[in-house]
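J.: Curious how this folds, go ahead:
(one chain, ligands or ions: 1)
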Amino acid sequence: MAVTMNKNYAKLGKNYLFAEIKNRVASYQAAHPQADIIRLGIGDVTRPLPKIVTEAMAQAAREMATAAGFRGYGAEQGYEFLKEAVRKYYAKRGVSLSCEEIFISDGAKSDIGNLTDLFGQDNTVLIPDPVYPVYVDTNVMNGRQIVFLPADEENGFLPMPGPETVGDIIYLCSPNNPTGAVYNKEQLQKWVDFANARGSIILFDAAYECFIQDDLPHSIYEIPGAETCAIEICSLSKKAGFTGTRCGYTVIPSALKRGGFSLNAMWLRRQSTKYNGTSYVVQRGAQAVFTPDGEKAVEENLRYYRGNARIITQALEEMGVYYTGGRNAPYIWLKCPPSQDSWEFFDRLLSECHVVGTPGAGFGSCGWEYLRLTAFGTRKNTLEAMRRIQNGGVFR
Ligand code: MLT
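T.: The predicted structure is shown next:
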């Protein structure tokens, strides 16, 4: 008999959201070679890696060329020097971790997908809608039952658990991709209490924590009780420009146990079996991000992107367009003109303004009347995109 396949793949949309957008933009560009397209769709950074980071990488590469400095297989969970830098980063916020609770990875996306390995197939997964599509797609691949939690204007795009809420594995993303909404301490406390009372696990995606400017939690471990119910996933992609270089980290507290299993021990077992570690050169670059000079360089880039966000939000305000985000997050979630759904508006922006956004429906059915713009473009392109949108009259 021929091999049998994972039929859950048939339940997925044909393409991953950002691959679909890339294809649509490529076909438009092929048909309109003169069009000067500005991409504010996928959240890919445009600022180069800080010099202190590339110098650390170059130094590490030179070390690898010497017999004394050469390194082969590293620890699958990361080098101590980087785990220690991450540990201190958390300590500054009053979060006490041990290095054994920190796992260095090649980015948040892979860890978010791979963490599903730790859980039984029979769990119900609770996912806010709209949200980063990787949560849904990876659980569809595994055939798990998914329950959606609507995030809308009424709840400020921050859904909360209620008496009817079910969910063994709960995904929370704060600052939220795509809406930019951020949970406060009281709201996160309710989620932590809910998860602890129910025996659920929260997968907390903190990839955008560095964009927070207001007094809001950056980490779920700022919330009492989170160490017995939450895993936190974070990334250097947006913070320090590692989208191409790849480095992130996941925190799994030793106190996190379910059904006689330590999730920390399970993840260590999983990573040492299926992953050979992030490269030494990249980890040295990541270590430099956490030095005082690295932090200064990161702050400079964040200021640049926040400036872009202001350009976008000011233009939307002038046009009277409803939006959220942009202040504590690099994403601006705006309402499409009446009677246009998000894919129609995506097509209209592309054809009339040559500007690419991300259709809200790609983040879940609750996003059907919204579109996301990113603040990660260059200043010149951001200004030009908003000029075209304002002059193009697409909101009239
Ligand atoms: C996004 O645009 O939502 C993200 O950049 C995609 C990602 O981080 O994988």
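
J.: Show the contacting residues for residue 8.
T.: Counting by CB atoms under 8 Å, 6 or more residues apart in numbering, residue 8 touches 140, 141, 142, 143. Quick note: C-beta positions are derived from backbone N, CA and C, even for glycine.

J.: Dump those to TSV, plus distance to the ligand, neighbour count and pLDDT.
T.: As requested, the contacts of residue 8 are arranged in TSV below (distance: CB to the nearest ligand atom, whole Å; neighbours: other CB atoms under 10 Å; pLDDT from 0 to 100):
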residue	distance to the ligand	neighbour count	pLDDT
140	17	17	96
141	16	15	96
142	19	16	95
143	23	13	96
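
J.: can you map out the helices along the protein?
T.: 17-31, 51-64, 80-91, 108-114, 134-141, 185-198, 237-240, 263-274, 280-289, 292-319, 342-348, 379-392 (DSSP state H).

J.: mind listing what residue 39 touches?
T.: When contacts are counted by CB under 8 Å, 6+ apart, residue 39 touches 25, 356, 377, 381.

J.: what are the bridge partners for it, then?
T.: Residue 39 has the following beta-bridge partners by DSSP bridges: residue 356.

J.: so residue 108 sits right up against residue 236, yeah?
T.: No: the pair residue 108 / residue 236 is not scored as a contact, 9.2 Å apart, by CB atoms under 8 Å.

J.: for this protein, which spans come out with low pLDDT?
T.: Applying pLDDT under 70 to the chain flags no residue at all.

J.: what residues does the protein put near the ligand?
T.: 42, 43, 109, 132, 177 (CB under 6 Å from any ligand atom).

J.: Looking at the helices of the chain, which is nearest to residue 221?
T.: Between residue 221 and those, the shortest separation by CB to CB is 7.0 Å, and it involves helix 80-91.

J.: give the contact list for the closest residue to the ligand within the chain.
T.: Nearest residue of the chain to the ligand (CB to the nearest ligand atom) works out as residue 43 at 3.2 Å. Applying CB under 8 Å, 6+ apart, we find residue 43 in contact with 177, 238, 330, 331, 374, 376.

J.: go with 7 Å
T.: Counting by CB atoms under 7 Å, 6 or more residues apart in numbering, residue 43 touches 238, 330, 331, 374, 376.

J.: Tell me the spacing between the last one and residue 197.
T.: This points to residue 376. Relative to residue 197, residue 376 is positioned 39 Å away (CB to CB, to the nearest Å).

J.: which of those two has more neighbours?
T.: A direct count of neighbours by other CB atoms under 10 Å for residue 376 and residue 197 places residue 376 higher, at 24 against 11.

J.: That one: what's its closest spatial neighbour, skipping adjacent residues?
T.: residue 45 (5.0 Å; CB to CB, 6 or more residues apart in numbering).

J.: now do residue 377
T.: In space, and not counting its chain neighbours, residue 377 is closest to residue 40: 5.3 Å by CB to CB, 6+ apart.

J.: Next up, the contacts around the closest residue to residue 305 other than its chain neighbours.
T.: Nearest residue to residue 305, sequence neighbours excluded (CB to CB, 6+ apart): residue 375, at 4.7 Å. By CB under 7 Å, 6+ apart, the contact set of residue 375 is 305, 308, 309, 312, 326, 330, 332.
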